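K.L.:
Got a sequence here, can you model it:
(one chain, ligands or ions: 2)
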Amino acid sequence: MVVILKENPDPKQLENLTRWLKSQDLVIHSSNGIHQTVLGLVGDTSRIDIDLIKALDIVEDVVRIQDPFKSANRKFHPLDTVVEVGPARIGGGNFALIAGPCSIESEEQICSIAEAVKKSGAAILRGGVFKPRTSPYAFQGLRAEGIKLLLEAKKATGLPVVTEIMDISQLDLFGEIDMIQVGARNMQNFELLKQLGKSDKPVLLKRGFASTIKELLMSAEYILAGGNHRVILCERGIRTFETATRNTLDLAAVPVLHNLSHLPVVVDPSHATGVAKLVEPMTMAAVAAGCDGVMIEVHNDPAHALCDGPQSILPENFDAIARRSLILREALKK
Ligand code: PEP
Ligand code: MN
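P.N.:
Ligands and ions are numbered 1, 2, ... in the order given. Here you go, the predicted model:
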């Protein structure tokens with residue numbers, strides 16, 4: 001339920017209203033726009049008499065949110081959410097490039113890629129250490145050792161870092177990690193999402209490859225409902241009948257998500273296409289669609305990468321993409 005207040009509400013009456021709502025066991029999320037303040041109410045609102053609240057002098061309107069996602073809903077929080085990841089900001093007009101290898105392979109590899117992508121303007125460094133591989137015989141990631149190497153690259157460059165969690169038992173290793181990634185395969189691991197709802201770290205939630213936009217938002221709702229409001233959504237391609245690309249990039253998901261939700265939306269053109277040559281055009285398309293950030297896999301030697309080499313681009317190609325996406329963003333402002 002949301003309570004839309006009139007402009008410049010009387011502070012005393014507002015205090016009385018919020019005190020009463022809290023006494024009804026509701027949690028209030030206030031969204032303060034320039035002209036309008038919206039109170040988003042979380043909890044059991046079924047006992048609340050809408051007409052009673054509507055009759056108050058300071059209240060413009062009261063609306064029940066019909067969609068099953070409440071806290072993620074744009075109606076609940078009309079302003080864009082801005083998520084801070086270390087010094088980086090994503091959402092509400094803030095754009096960030098996230099770049100790095102699919103998997104961390106060695107200190108030299110992650111540190112050299114980190115330096116290169118930082119120079120090109122990446123705001124966040126990625127690097128997988130717990131890898132969800134289709135084959136149990138494929139490289140599974142450097143795990144705890146990989147976290148150490150990622151933190152070394154963070155120290156050397158000052159870049160905030162993101163890496164994927166596959167099981168809640170790994171959470172203790174994420175103390176100095178700036179953002180936790182939930183991969184496509186775990187988007188509906190509800191127990192994991194509930195635990196991340198209790199964390200205060202930003203969560204990069206990737207869309208499952210057979211999940212609808214509504215299901216993605218319901219998964220985000222799990223994290224928000226636990227009290228963690230630092231959620232970034234990531235479109236990374238869905239499985240269709242098309243085989244020319246690894247997945248099909250659902251670009252319409254960007255404006256659809258922006259309409260439905262206040263959460264930032266990032267696009268991953270690397271996993272969406274699976275083809276290094278397609279990363280640049282799809283990055284440009286994602287920027288044009290209005291995304292709040294792009295996550296790109298960058299490797300210094302894609303031919304010998306232990307994971308996802310065919311979709312990984314060289315640092316110099318990332319440099320060109322970073323430059324061009326900036327130019328495109330500027331052009332779109334005109
Ligand atoms: C990844 O980002 O390394 C990854 C495994 O992505 P996804 O979960 O989208 O497949
Ligand atoms: Mn990958």
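K.L.:
give the contact list for whichever residue of the stretch 51-200 of the chain sits closest to ligand 1.
P.N.:
When scored by C-beta to the nearest ligand atom, the stretch 51-200 of the chain has residue 183 as its residue closest to ligand 1, at 2.9 Å. Every residue, glycine included, has its C-beta placed from N, CA and C. Taking C-beta atoms under 8 Å, 6 or more residues apart in numbering as the criterion, residue 183 is in contact with 132, 164, 166, 206.
K.L.:
Of the residues you listed, select the buried ones using a PyMOL command.
P.N.:
One line in PyMOL is enough to select the buried ones among the contacts of residue 183; burial here means 16 or more other C-beta atoms under 10 Å:
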select buried, resi 164+166+206
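K.L.:
Please enumerate the helices of this protein.
P.N.:
11-23, 50-54, 107-120, 143-157, 190-197, 213-225, 253-260, 269-273, 276-288, 315-333 (DSSP state H).
K.L.:
what's in contact with the fifth one?
P.N.:
For helix 190-197, contacts defined as C-beta under 8 Å, 6+ apart pick out 165, 167-168, 171, 180, 182, 186, 203, 219, 222-228.
K.L.:
how about a cut-off of 6 Å?
P.N.:
With C-beta atoms under 6 Å, 6 or more residues apart in numbering as the test, helix 190-197 has contacts from 168, 186, 203, 219, 222-223, 226, 228.
K.L.:
which among the residues you listed are in contact with ligand 2?
P.N.:
The overlap between these and the neighbours of ligand 2 (C-beta under 5 Å from the ion) is empty.
K.L.:
what residue ranges in the stretch 151-300 of the chain score low on pLDDT?
P.N.:
Under the criterion pLDDT under 70, no range of the stretch 151-300 of the chain is flagged.
K.L.:
about what we covered before: make JSON lines out of the contacts of helix 190-197 and add distance to residue 107 and neighbour count.
P.N.:
Compiled in JSON lines, the contacts of helix 190-197 are given as follows (distance: C-beta to C-beta, whole Å; neighbours: other C-beta atoms under 10 Å):
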{"residue": "168", "distance to residue 107": "28", "neighbour count": "15"}
{"residue": "186", "distance to residue 107": "27", "neighbour count": "20"}
{"residue": "203", "distance to residue 107": "27", "neighbour count": "24"}
{"residue": "219", "distance to residue 107": "34", "neighbour count": "26"}
{"residue": "222", "distance to residue 107": "36", "neighbour count": "24"}
{"residue": "223", "distance to residue 107": "32", "neighbour count": "27"}
{"residue": "226", "distance to residue 107": "35", "neighbour count": "16"}
{"residue": "228", "distance to residue 107": "32", "neighbour count": "20"}
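K.L.:
Could you single out the nearest of the residues you listed to ligand 1?
P.N.:
Nearest to ligand 1 among those, with distances taken as C-beta to the nearest ligand atom, is residue 186, at 7.6 Å.
K.L.:
The closest residue to the closest one other than its chain neighbours: neighbour count?
P.N.:
Sequence neighbours aside, residue 192 is the residue nearest to residue 186 in space, at 5.8 Å (criterion: C-beta to C-beta, 6 or more residues apart in numbering). Other residues lying near residue 192 total 22 when counted by other C-beta atoms under 10 Å.
K.L.:
ok, residue 262 - contacts?
P.N.:
Contacts of residue 262 by C-beta under 6 Å, 6+ apart are 74, 77, 80-81.
K.L.:
at 7 Å instead, please
P.N.:
Residue 262 sits next to 74, 77, 79-81 when contact means C-beta atoms under 7 Å, 6 or more residues apart in numbering.
K.L.:
Tell me the buried residues within the residues you listed.
P.N.:
Of these, these count as buried by 16+ other C-beta under 10 Å: 74, 77, 80-81.
K.L.:
TSV for the residues you listed, including distance to ligand 2 and pLDDT?
P.N.:
TSV is the format used below for the buried ones among the contacts of residue 262 (distance: C-beta to the ion, whole Å; pLDDT from 0 to 100):
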residue	distance to ligand 2	pLDDT
74	31	97
77	32	93
80	28	97
81	26	97
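K.L.:
from those, which single one is nearest residue 255?
P.N.:
residue 74 (12.0 Å; C-beta to C-beta).
K.L.:
Tell me the spacing between that closest one and residue 294.
P.N.:
22 Å (C-beta to C-beta, to the nearest Å).
K.L.:
buried stuff in stretch 133-141?
P.N.:
Those would be 140-141, for stretch 133-141 by 16+ other C-beta under 10 Å.
K.L.:
can you check stretch 248-264 too?
P.N.:
Going by 16+ other C-beta under 10 Å, stretch 248-264 has these buried residues: 248-251, 253-254, 257-258, 260-264.
K.L.:
Quote the end-to-end distance of it.
P.N.:
Terminal residues of stretch 248-264 lie 21 Å apart, using C-alpha to C-alpha, to the nearest Å.
K.L.:
next one: stretch 197-204
P.N.:
So stretch 197-204: terminal residues 12 Å apart, C-alpha to C-alpha.
K.L.:
and that stretch, how far from the chain's centre?
P.N.:
Mean-position distance between stretch 197-204 and its chain equals 10 Å (C-alpha atoms, centre = their mean, to the nearest Å).
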